[in-house]
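Novice: give me the fold of what follows.
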Amino acid sequence: METIKERISRFQWELEGRKLRLGVGCAWVGRGGNSTASMNEDVSLLLKCYEKGFRYFDTSREYGESERVVGEFLRQIDRKTIFLATKCQYRPPKDPDGNFLRQPEAFEQFQRLFYESFERLGVDHIDLYQIHDSESYGICMDEVIPFLEERKKEGMIDYIGMGTRSITAHCQALADGRVDSALSYMDYNLLKLSAEPIIRLAKEKNAAFINSSVLLFGLLKEKDPTEKAVGGLGAKRRHYAKELRDLCQRFNIDSIAASLQFSLLNPDVDMTLNGIKRISNLESTIQAMENPLYPEQWAALFRFQNQCGNIRIPDEANYS
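Specialist: Numbers count the residues shown, from 1 in each chain. Now for the predicted structure:
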């Protein structure tokens, strides 16, 4: 079987003759419930993304009705033309000392939700199945990883990934050599470079690094980011976001273009996911790729990054 890096490279976004390492994050579709009108609107949005050349789609069991929306979308296209990724949480409870408890119920639930994803998506094969938001890789090693390895042998899935914020969990998983990819969000962008150790290790292990939330859940689009609360980002980070917005205005920089293009500058980022909630998000993504930054604009952004003293330090509150 081809490596995951090779597979992903075949599903890059084709835009006006260019191949771009950008995919669609489906966290925002299916949030309006399962009404016919809402589902049809979201399916239409994904079909528009497909029409515009996107071929990598990432969803999750945790994103409301997102998997069902993606499933209906899949019924209207050739399934073989896209890379399909989904994920499911595995977060066992902890004891009073903060140690994870190995409860059979947690693993049984993971297995049940795994099979439900296939039903919700209406498929018998998923390219990449990821463990979602598990704070520890160690707690996954005895049951969850062997379970996914068996499904891999059966051909239900091709690759196993981690999709969490914990730098430690990602690095442990990659070092163990039993996962094929690391999906990191909010940790590699204009304001944060704390995912660099994951990127280096993924390259060493020939695993894929998938980047997400480069706009920090919309924070970098806000007029005053200090007023927007984003989970996991403290006041200092929001202050930097405000300074970055001011810099973009002074140098006439489109913050969306800068955020997406910054991720693409790194050849070791195999795919960057952009959450598309409505048609205007798709249009702004296309515009961002049609607006290359000038060298002096990049120079200003890099100078700004060098002034952010904690840019390579993860937000420890998010990790076990």
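Novice: doesn't residue 135 fall inside a strand?
Specialist: No - assigned with DSSP: H, G, I helix; E, B strand; the rest coil, residue 135 falls outside any strand and is coil.
Novice: that one contacts residue 164, doesn't it?
Specialist: Yes - taking Cβ atoms under 8 Å as the definition, residue 135 is a contact partner of residue 164 at 6.9 Å. All C-beta atoms are positioned from the backbone trio N, CA, C, and that covers glycine.
Novice: neighbour-wise, which of these two wins?
Specialist: residue 164 (28 against 18; other Cβ atoms under 10 Å).
Novice: show me what contacts that one?
Specialist: By Cβ atoms under 8 Å, 6 or more residues apart in numbering, residue 164 lies in contact with 131, 132, 133, 134, 135, 170, 183.
Novice: apply 10 Å and report the result again.
Specialist: Residue 164 makes contacts with 87, 89-91, 130-137, 170, 173, 182-185, 318-319, as judged by Cβ atoms under 10 Å, 6 or more residues apart in numbering.
Novice: just the buried ones from these, in PyMOL syntax?
Specialist: With 16 or more other Cβ atoms under 10 Å as the criterion, this PyMOL line picks the buried residues out of the contacts of residue 164:
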select buried, resi 87+89+90+91+130+131+132+133+134+135+136+137+170+173+182+183+184+185+318
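Novice: helix or strand with the lowest mean pLDDT in this protein?
Specialist: helix 235-250 (a mean of 88; mean pLDDT, DSSP states H and E).
Novice: in it, what counts as buried?
Specialist: Buried, per 16+ other Cβ under 10 Å, within helix 235-250: 237, 238, 240, 241, 242, 244, 245, 247, 248.
Novice: can you check stretch 68-77 too?
Specialist: Taking 16+ other Cβ under 10 Å as the criterion, stretch 68-77 shows 68, 69, 70, 71, 72, 73, 74 as buried.
Novice: contacts only, for residue 248.
Specialist: Going by Cβ under 10 Å, 6+ apart, residue 248 touches 190, 220, 254, 255, 256, 257, 258, 259, 297, 300, 301, 304.
Novice: now those in a markdown table, with neighbour count?
Specialist: Output for these, formatted as a markdown table (neighbours: other Cβ atoms under 10 Å):
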| residue | neighbour count |
| --- | --- |
| 190 | 25 |
| 220 | 21 |
| 254 | 16 |
| 255 | 20 |
| 256 | 21 |
| 257 | 20 |
| 258 | 24 |
| 259 | 25 |
| 297 | 18 |
| 300 | 18 |
| 301 | 21 |
| 304 | 19 |
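Novice: can you classify residue 110 by secondary structure?
Specialist: helix.
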